[in-house]
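1. quick one, fold the following:
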Amino acid sequence: MKNIFGLSIPETLEEVCNPQRVALLVYDMQVGILSQIKNPEQFTVQVLKVLSAARRAGVRVFFSRHLSLPKELMGMLQFRMAMAWQRVDSPDEVTPWFLRDAPGFQIIPELQPRPTEGVFDKLTMSAFEGTWLDFALRDCGINAFIVVGVATEIGIEPTARHGADLGYIPVLVTDACGAGNEEAAKRSIESLKFAGDALITDTETICQVLRN
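-> Predicted structure coming up:
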């Protein structure tokens, strides 16, 4: 740990992942999203390992869910995004995939949030945009977050970048993050490595750190 002007500057994974100063973000592990991902079982097992380790260590846990609004409430950006994802040419053809009461909106049963854990909904790719996550983390004195979930190239990279801009240290657990496009996900990870804001690790390492 480096110190300057009364500030402590964490450098190592062990220093960053102090259970009192780090949170776990489980990003969009929803039924309807995982059904679109190749081999979701593989990284779901890894997510569960990290979640279990975080719970045992007393780390605060937050779950994000991607929400679709009814078409009557969707705006220009939401229609553009839905048309791209659903590969349709007209907004009339769009079907909201993640309406609040739809089965696909729900977090998968294997990762059922506990009453002591936070669950929030979002319309954007960054988990910080338009949500209460930033306030909750700051109010608890948290300055770093571990992120697992799906998808690396769609929402996890924007969340890591946004979090860094807000002053947090993102910790990306690569083998506990799924992808819709493996090549795009690799580019996202390399880009985050190059920028230097995030720490990049794997499930075995982060679980060992949390156990210690």
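2. max-length helix in this protein?
-> Taking DSSP state H as the criterion, the chain has its longest helix at helix 40-57.
3. any idea which residue sits dead centre in this protein?
-> With distances taken as Cα atoms, centre = their mean, the residue of the chain nearest its centroid is residue 27 (3.1 Å).
4. and the residue lying closest to residue 48 once chain neighbours are set aside, helix, strand or coil?
-> Excluding the flanking residues, the one nearest residue 48 by Cβ to Cβ, 6 or more residues apart in numbering is residue 110, at 6.0 Å. The way it works is simple: take the backbone N, C-alpha and C, and place the C-beta from them, glycine included. When classified by DSSP: H, G, I helix; E, B strand; the rest coil, residue 110 comes out as helix.
5. just checking, residue 110 touches residue 46?
-> No - between residue 110 and residue 46 there is no contact under Cβ atoms under 8 Å: 11.7 Å.
6. quick one: the helices in the chain, in order.
-> Counting by DSSP H, the helices of the chain are 13-16, 31-34, 40-57, 76-86, 133-139, 157-165, 182-195, 203-211.
7. quick one: the third one to helix 203-211, angle?
-> What that stands for is helix 40-57. 10 degrees (axes from the mean of the first three to the mean of the last three Cα atoms, to 10 degrees).
8. flag every buried residue along helix 40-57.
-> Buried residues in helix 40-57, counted by 16 or more other Cβ atoms under 10 Å: 40, 43, 44, 46, 47, 48, 49, 50, 51, 53, 54, 57.
9. now, the most widely separated pair of those residues?
-> Between any two of these, the greatest separation by Cβ to Cβ is 25.5 Å, found for 40 and 57.
10. I figured residue 143 hits residue 166, correct?
-> No - look at residue 143 against residue 166 with Cβ under 8 Å: they stay out of range, at 10.1 Å.
11. out of the two, which sits in the busier spot?
-> residue 143 (17 against 13; other Cβ atoms under 10 Å).
12. what comes up buried for the lengthiest strand in the chain?
-> Longest strand of the chain, by residue count under DSSP state E: strand 169-178. With burial defined by 16+ other Cβ under 10 Å, the residues of strand 169-178 counted as buried are 169, 170, 171, 172, 173, 174, 175, 176, 177, 178.
13. strands paired with it, and their directions?
-> strand 144-150 (parallel), strand 199-201 (parallel) (DSSP bridges).
14. now for these, which one comes closest to residue 32?
-> Among the strands paired with strand 169-178, strand 144-150 comes nearest to residue 32, with 11.2 Å by Cβ to Cβ.
15. show me what the lowest-mean-pLDDT helix or strand in the chain is packed against.
-> Least confident helix or strand of the chain, by mean pLDDT, DSSP states H and E, is strand 7-9 with a mean of 89. Strand 7-9 sits against strand 2-4, with contacts defined as 3 or more Cβ pairs under 8 Å, 6 or more residues apart in numbering; DSSP states H and E.
16. thought residue 192 was touching residue 200?
-> Yes - using Cβ under 8 Å, residue 192 is in contact with residue 200, at 6.8 Å.
17. overlap in contacts of those two?
-> Common neighbours of residue 192 and residue 200, counting by Cβ atoms under 8 Å, 6 or more residues apart in numbering, are residue 172.
18. compare these two (neighbour count), which wins?
-> residue 192 (22 against 16).
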